[in-house]
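**Student:** Any chance you could fold what I've pasted below:
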Amino acid sequence: MSIGNSPEDERPFEDVSEEARPSIGRVLKDARLAAGLTVDEVSAATRVRIAIVHAIEADDFAPCGGDVYARGHIRTLARAVHIDPAPLLAQYDAEHGGRPAPTPAAPLFGAERIRPERRGPNWTAAMVAAIVVVVGFVG
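**Tutor:** Now for the predicted structure:
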């Protein structure tokens, strides 16, 4: 008979749900550290600004400038630290509303007839004529 907790009760509970999955930023940071790279080195190799690398590693995607840019940065950073970007992009899509819909092409339109612009009075010619009249009157 045992009083208290058994060793089985002290084992950590392994949650395999999506909530237990490490965040995108955490995965990228761990992969960067495992590759022995600094943020400066990753930034120089990918041309992603240092502040954005830090923000993504903190799971703050606002500085990226939108979902399309965030997805691109995630893909670029994942490739730089030698991990597959597909699971990270799928996780990003699941957490942030899915992949953006493609932008439809502009509809075709018929060419409009170009009408000449109406021109106003030529003030330069009127001024020259007025100067000639004044000089002629004075002379």
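**Student:** Contact partners for L37?
**Tutor:** A45, A80, V81 (CB atoms under 8 Å, 6 or more residues apart in numbering). C-beta: built from backbone N, CA, C; applies to glycine.
**Student:** ChimeraX command to pick out the buried ones of those residues?
**Tutor:** To isolate the buried members of those in ChimeraX, using 16 or more other CB atoms under 10 Å:
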select :80,81
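**Student:** Out of the contacts of L37, which comes closest to G120?
**Tutor:** A45 (59.6 Å; CB to CB).
**Student:** Tell me if I'm right that the closest one and A80 touch.
**Tutor:** Yes - between A45 and A80 there is a contact under CB atoms under 8 Å: 5.3 Å.
**Student:** Now do the same for A86: helix, strand or coil?
**Tutor:** Following DSSP: H, G, I helix; E, B strand; the rest coil, we place A86 in the helix state.
**Student:** roughly how far apart are it and T103?
**Tutor:** Taking CB to CB, to the nearest Å as the measure, A86 falls 23 Å from T103.
**Student:** Which one's more surrounded, the two?
**Tutor:** Taking neighbours as other CB atoms under 10 Å, A86 and T103 compare with A86 leading, 10 against 6.
**Student:** Model confidence score at that one, please.
**Tutor:** Looking at A86, its pLDDT reads 95.
**Student:** Tell me the spacing between it and P22.
**Tutor:** Distance of A86 to P22, computed by CB to CB: 16 Å.
**Student:** repeat for R49
**Tutor:** Distance from R49 to P22, by CB to CB: 24 Å.
**Student:** Then R75?
**Tutor:** 18 Å.
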